[in-house]
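S.K.: sequence unknown, structure follows:
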């Protein structure tokens, strides 16, 4: 992975699992020249289709990783082929806007600054989601 390269993401979703797994945003893959054809054309070049599919599958594999919490205020994402691989300082904060509480997690290191947001609009009657978020 080149640190000086510009990466474009095809998605912006982070999914942290219970089993210390993480799905990171997919990296946009290189465009494959399909010769002006679409998937509906019968004479579509199978080699181009195979190449496009393999690039997409590699992007998915690179986005799957694990995470560990070395300290209370840090997070290490382990996904060696992904640009978001690394150690991040974590800061939790909340803002109340228009009677809704927005909860934020800021992850930052020397080269990256990521903010994740979750907001609750009163539908969490028993407060379980909120308790889990604040753990």
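M.R.: Thanks, I have it. Remember, predicted model here, so these are calculated numbers, not experimental data.
S.K.: what residues are up against residue 27?
M.R.: 7, 8, 9, 10, 59, 62, 63, 82, 83 (C-beta atoms under 8 Å, 6 or more residues apart in numbering). All C-beta spots, glycine's among them, are computed from the backbone N, C-alpha and C.
S.K.: element containing the fifth one, please.
M.R.: If I follow you right, that is residue 59. helix 46-63 (DSSP states H and E).
S.K.: Pull out the buried members of the contacts of residue 27.
M.R.: Buried residues within those, counting neighbours by 16 or more other C-beta atoms under 10 Å: 59, 62, 63, 82, 83.
S.K.: Now pLDDT too, for the residues you listed, in CSV please.
M.R.: Conversion of those to CSV gives the following (pLDDT from 0 to 100):
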residue, pLDDT
59, 83
62, 87
63, 88
82, 89
83, 87
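S.K.: Any idea how far the top strand by length along the chain is from the middle of the chain?
M.R.: Ranked by residue count, the top strand of the chain under DSSP state E comes out as strand 86-97. Taking C-alpha atoms, centre = their mean, to the nearest Å, one finds the center of strand 86-97 at 16 Å from the center of the full chain.
S.K.: Over to stretch 89-107?
M.R.: 19 Å.
S.K.: buried residues in that stretch?
M.R.: 103, 105, 107.
S.K.: TSV please, covering the contacts of residue 27 and showing distance to residue 90.
M.R.: Shown next, in TSV, are the contacts of residue 27 (distance: C-beta to C-beta, whole Å):
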residue	distance to residue 90
7	22
8	25
9	21
10	25
59	26
62	23
63	20
82	18
83	19
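S.K.: Mind checking what secondary structure the nearest residue to residue 7 once chain neighbours are set aside has?
M.R.: The spatially closest residue to residue 7, leaving aside those adjacent along the chain, is residue 83, at 4.8 Å (C-beta to C-beta, 6 or more residues apart in numbering). Following DSSP: H, G, I helix; E, B strand; the rest coil, residue 83 is assigned to coil.
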